[in-house]
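Student: fold the following and give me the result.
(chains A and B)
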Amino acid sequence: MTEQEPKIGVFLCHCGVNIGGVVNIPEVVKYAQTLPNVAYAEANIYTCSEAGLASIRENIKKQGLNRVVVASCTPRTHEPLFRSACREAGLNHYLFEMANIREHCSWVHKQQPQRATEKAKDLVRMAAARATWLEPQEEPSLEIKDTSLVVGGGITGMTAALSLANQGFKVYLVEKEPELGGNLLHLHKLYPTMQDTKEILEPTIRSINASDKIETLLSTTVADVKGYVGSFKVTLARAEEKREIEVGTILVACGAANYTPPKGLYQYEIYPNIMTQMQLDELLKTGKVTKPPERVVMIQCVGARKGEIRAMDLAGFPKSDTARLLAKILKAKKEEGWPYCSKVCCMNAIKNAMLVKEKFPKADVMILYGDVRIYKEYEDFYSRARESQVKFVKHIEEVPPEIAQAPDGRLLVTAYDALSGQEIKLPCDWVILSTPMIPRKEEVILARMLKVPISSDGFLMEAHVKLRPVDTQIDGVFVAGAASGPKDVPESVVSAMAAAARAGTLMANKQMTTEALTSVVDEEQCIGCGLCEEICVYGAHYVEEGTSHTIAALCRGCGACAAECPRRAITMQHYSDDQILAQVKAALMEES
Amino acid sequence: MVNKSVMVVGGGIAGIQASLDLANRGYKVYLVERSPSIGGRMAQLDKTFPTMDCSMCILAPKMIECSHHHNVQLLSYSEVKAVKGTTGDFVVTVLRKPRYVDITKCTGCNICAEHCPVEVPNEFDEQLGTRKAVYMPFPQAVPRAMTVDKNNCIECGLCIKMCQAGAVDLKQQPQEEDYNVGAIIVATGFDIFDASQIPTYGYGRYKNVVTSLELERLLCASGPTGGHLIRPSDGKIPRTIAFIQCVGSRDRRFGATYCSSICCKYSVKDAVLIKEHEPNTTVSIFYIDMRAFGRGFQEFVNRAKSEYGVRFVRSSPGEILEDPASKNLRIWYEDTVAGRIENAELDLVVLCPALIPSKGSGDLAKVLGAEVDQYGFFKAADLITSPVDTTVQGIFVCGYALGPKTGDIPDSIMQGSATAARVAEVLEGSA
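Tutor: You can find the predicted model right below:
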């Protein structure tokens, strides 16, 4: 405890009706006024509004408060705001504590307002007890090196590297293949402009090579990453050769792979002329077609949108033979794949259908789809495709088409037309499978090295899916392009620029402060056993001369070391035993 | 000497993101907003898909960060009138509309509004609720200050009398101010298509046909009904509700031939929210294609079907008829999968209208000399390589002002950040 007697101010929030509609706020305010060390308590309709914040600032001064408790929503979104209100009133923002009486109370106990009010009192009492023991903290300041590492030399990585270079930063652009270009090297033309990929790639690569700010490292991978935001120490590997670089920020732009169906799925690799869209791109690009096709059938969502299949879906198809459908659905359930919609495949299929039409005007091109997920202004493109006689057949997705080989060697696709309810048989020459973009193995390995979490579908996870789409949980590490989920080229370019802006802002400031919530070793108590070093997943502890030390910039404040330490020599700043025990005691008080 | 200042036109989530990125980089940012508060469309939403985060709860901290940032100067209730100059040296003339309240004195205590005798429909609540002639559009408004709506004010002077801060000034005059900036970012967002243009759906004639934005306000805890979903005609809880997709979009009759990109997804979200509010409600979504593209959304649709029992009907309904007595609605449609003409009685119909360029964005484009596309959205200099540059050097664009290239909130945020990168490149660097 600091020398001053604690004077706690408690600010309760109605959050409109979110809290106030369930919890009896005036009752909790009265209760708060009776708590030890609480000098002041009030309620606001929205504590996060300008008026609420102004009241915090005023009362810190007027009442001489030296601790502040806000009882409202989640600290995840609002703690920074309330902390800054404290700071603006001259109070160290570590003397602030929050009680979540919305997510942890009013929202989950909507049906029991009386008990919710009691729980809100408990939560406020606990927060005030902890606040009593809070201490002011200094935040460590870090130098940020103005150099960036961009991993991945596809269109995303190149765009990000160019933007950073244009902003004036030095960039290392690392690509595992012997040339720049990524997935675009294998694609033929790009929608919506129908430009040849070369028209995009060549000038971009030329600009990269012309820039004296960008050092391109081909056939190179990231072997190891140490350090933290502002000074990451990265080991790059090129065959046997190793090289160490130091960078301030890292942009992950290693893209996505294209899902390859297993042998036998839709007779892939069993009959000839069954290929993925990516393979069709290559074929159209090289122009090595021996015999022009008379009919091409494209099948959407191969290996994608493979969610759970429900019997209730059957009710939607009254005209079909239910028993036969069910048998087929059960069989399809075993089909492997990914649960999400890969977003770009519909547009990509239409683009390739148009290209096939252009090259072989007599060919009949059909697309079997579940939903045509052309979005944005590409709808016009879809209309053009229909006008040029590309045929779209909505098939019953849950019943995958069957493919057989006719006696004359051609392929025979059998599918259910959802709109007519009829089984249709389509003799054809090529079957094209639209397969999703999926996470790369290398990306997962890199994510582990960087300690960036992976989402349930295998892509790198953003710091916040809505508000921080190119940031990651790790300071100084950003993600762009398909590494965080399927994206087409225009979307990848935008995300690359966004990531370059976020990294650029960080580096332009040359320094940043980090949370003071770190572990502190009591050297008197430490016996240098090294357990903390062993347990820390962030590499924040090291033992030197018989004592453990903390690298504050790496410490995420998880507290695993403090729990493990046999000598109880480690204290978590801002989460000390005193603080936590005070809170626990306050929680138990009224029950015991 | 680099002119490290920028004007951002439009205070929605895209403009806020661009402003904060540049302000954090040391740029002086002038954030111009036409209405009394920043926040834009996101402020009107109840929850956001697919995580069901409360929209205002995640937006408010960003709005307040803008208002507190030492590098951001908010020019609310203001419009851009003229622009001169080129990259690095633009002079922008901004019209500061009189709000008849001195925002340096106003504390937003709302006492004036409590006493104001004039009640008018609240545009923030899509006209469903009411506000006074002196008002704050919503409780979390930034700046936190009142505005007098002179069109409806009867000049009774009560507000002047009640205001302890002496902030009300009914004699305020419009003012034009010039700002010298290095670059300009356009983030003027969208408006929604006027659904009454489709007479067969009866919007504007039938009380229980509402737009999806109206529904957001009806679902929102801070909305006109306090978050209780009741239907406009009689205040009863609707038990059968249908959503109709592609109202004015994907439709050659109305020029919005594009897909608005977000309606399928927010409808599924709203359907789930309705089921959470009132589990016994029957909710159907009438769609052409269920465009739940992108990570997480297909899974969300699956959950809506299996966990919540939301019905999906592939159909573009033909007509809605109102029973004059009960105000219930009868919808006629062809279920194209079942191959049957059907009809159903409904308590409430939610139309999902096309998103169209925001009112006034055409005039702004003319002032800026920037080209717009066939729909009236700002044109990108290159669809692939320069997605956030306008056709004028030094002027950039993000969010729905670019048209349906923006899908949702994260897209708007990415574009907002991307414009920040472009500004830094152009003003500080070599591009």
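
Student: switch to C-alpha atoms for all contacts and neighbour counts from now on
Tutor: Fine.

Student: what about residue 262, how many residues nearby?
Tutor: Because you didn't say which chain, this covers chain A. Residue A:262: 14 surrounding residues under other Cα atoms under 10 Å in any protein chain shown.

Student: the intended chain is chain B.
Tutor: 22.

Student: give the contact list for it.
Tutor: B:407-408 (Cα atoms under 8 Å, 6 or more residues apart in numbering or on different chains).

Student: again with residue B:78
Tutor: With Cα under 8 Å, 6+ apart, residue B:78 has these contacts: B:32-35, B:94-97.

Student: of the residues you listed - the most surrounded one?
Tutor: Ranking the contacts of residue B:78 using other Cα under 10 Å puts residue B:32 first, with 27 neighbours.

Student: my guess is that one meets residue B:72, correct?
Tutor: No - taking Cα atoms under 8 Å as the definition, residue B:32 is not a contact partner of residue B:72, at 10.4 Å.

Student: and the two most separated of the contacts of residue B:78?
Tutor: For these, the farthest-apart pair by Cα to Cα is B:35 and B:94; their separation is 13.6 Å.

Student: now the contacts of residue B:78 in a markdown table, please, with extra columns for distance to residue A:127, pLDDT and secondary structure.
Tutor: As requested, the contacts of residue B:78 are exported to a markdown table (distance: Cα to Cα, whole Å; pLDDT from 0 to 100; DSSP: H, G, I helix; E, B strand; the rest coil):
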| residue | distance to residue A:127 | pLDDT | secondary structure |
| --- | --- | --- | --- |
| B:32 | 40 | 98 | strand |
| B:33 | 39 | 98 | coil |
| B:34 | 42 | 97 | coil |
| B:35 | 39 | 97 | coil |
| B:94 | 47 | 98 | strand |
| B:95 | 48 | 98 | strand |
| B:96 | 45 | 98 | strand |
| B:97 | 45 | 97 | coil |
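
Student: format those as CSV; extra columns: distance to chain A.
Tutor: Putting the contacts of residue B:78 into CSV (distance: Cα to the nearest Cα, whole Å) gives the following:
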residue, distance to chain A
B:32, 19
B:33, 18
B:34, 20
B:35, 18
B:94, 25
B:95, 25
B:96, 22
B:97, 22
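
Student: pop the domain breakdown of the chain in here.
Tutor: Unless you meant another one, I'm taking chain A. Using automatic domain parsing, the domain ranges for chain A come out as A:8-137, A:143-256+A:439-512, A:265-436, A:514-573.

Student: try again with chain B
Tutor: Split by automatic domain parsing, chain B gives B:5-97+B:174-189+B:358-428, B:111-162, B:193-355.

Student: helices of the stretch 451-592 of chain A, start to end?
Tutor: A:489-508, A:531-535, A:560-564, A:577-589 (DSSP state H, counting those that start in this stretch).

Student: and what of chain B?
Tutor: B:13-24, B:55-68, B:111-115, B:158-162, B:212-219, B:263-277, B:297-306, B:361-368, B:409-428 (DSSP state H).

Student: out of these, nearest to residue B:89?
Tutor: helix B:409-428 (10.1 Å).

Student: residues in contact with the residue in the stretch 51-200 of chain A that chain B sits nearest to?
Tutor: Proximity of the stretch 51-200 of chain A to chain B (Cα to the nearest Cα) peaks at residue A:167, 4.5 Å away. Applying Cα under 8 Å, 6+ apart, we find residue A:167 in contact with A:504, B:421, B:424-426, B:428-430.

Student: change it to 7 Å
Tutor: B:424-425, B:428-429 (Cα atoms under 7 Å, 6 or more residues apart in numbering or on different chains).

Student: look up phi and psi at it.
Tutor: phi -80, psi -10 (degrees, to the nearest 10).

Student: now it: how far from residue B:134?
Tutor: Distance of residue A:167 to residue B:134, given as Cα to Cα, to the nearest Å: 46 Å.

Student: equivalent analysis for residue B:146, please.
Tutor: Applying Cα to Cα to residue B:146 and residue B:134 gives a distance of 6 Å.

Student: adjacent strands (with direction) for the helix or strand of chain B with the lowest mean pLDDT?
Tutor: Across the helices and strands of chain B, mean pLDDT, DSSP states H and E gives its lowest value to strand B:53-54, namely a mean of 86. Paired strands of strand B:53-54, with direction, are strand B:47-48 (antiparallel) (DSSP bridges).

Student: quick one: contacts of the partner strand?
Tutor: B:53-55.

Student: check what pLDDT the nearest residue to residue A:262 once chain neighbours are set aside gets.
Tutor: Among residues not flanking residue A:262 along the chain, residue A:268 sits closest, at 7.2 Å (Cα to Cα, 6 or more residues apart in numbering or on different chains). For residue A:268, the pLDDT comes out at 93.

Student: so who does residue A:549 touch?
Tutor: A:521, A:541-543.

Student: apologies, that question was intended for residue A:216.
Tutor: Residue A:216 neighbours (Cα under 7 Å, 6+ apart): A:172-174.

Student: try it again at 6 Å.
Tutor: residue A:173 (Cα atoms under 6 Å, 6 or more residues apart in numbering or on different chains).

Student: chain B contacts on the stretch 451-592 of chain A?
Tutor: Proximity of the stretch 451-592 of chain A to chain B (Cα under 6 Å from any Cα of the partner chain) is limited to residues A:466, A:469, A:490, A:495, A:497-498, A:501, A:505.

Student: just give me the least confident of these.
Tutor: The minimum pLDDT among these falls on residue A:466, with 91.

Student: can you count the residues close to that residue?
Tutor: 20.

Student: same thing with residue B:326?
Tutor: 10.

Student: and the stretch 251-400 of chain A, which of its residues are near chain B?
Tutor: Near chain B, when you scan the stretch 251-400 of chain A using Cα under 6 Å from any Cα, you find A:317, A:340-343, A:371-373, A:375-377, A:379.

Student: what subset of these is buried?
Tutor: With burial judged by 16 or more other Cα atoms under 10 Å in any protein chain shown, the buried subset of these is A:317, A:340-343, A:371-373, A:375-377, A:379.

Student: most widely separated two among the residues you listed?
Tutor: A:317 and A:377 (31.4 Å).

Student: get me the contact residues on chain B for chain A.
Tutor: So chain B meets chain A at B:25, B:140, B:144, B:258-261, B:289-291, B:293-295, B:298, B:336-338, B:384, B:404-405, B:410, B:414, B:417-418, B:421, B:424-425, B:429-431 (Cα under 6 Å from any Cα).

Student: next, the contact list for residue 104, please.
Tutor: Here I'm looking at chain A. Counted by Cα under 6 Å, 6+ apart, residue A:104 has zero contacts.

Student: so for it, what's the pLDDT?
Tutor: 94.

Student: flag the shaky bits of the chain, pLDDT-wise.
Tutor: Let's take chain A. A:1-3, A:307-336, A:590-592 (pLDDT under 70).

Student: my bad, chain B
Tutor: In chain B (pLDDT under 70), the answer is B:430-431.
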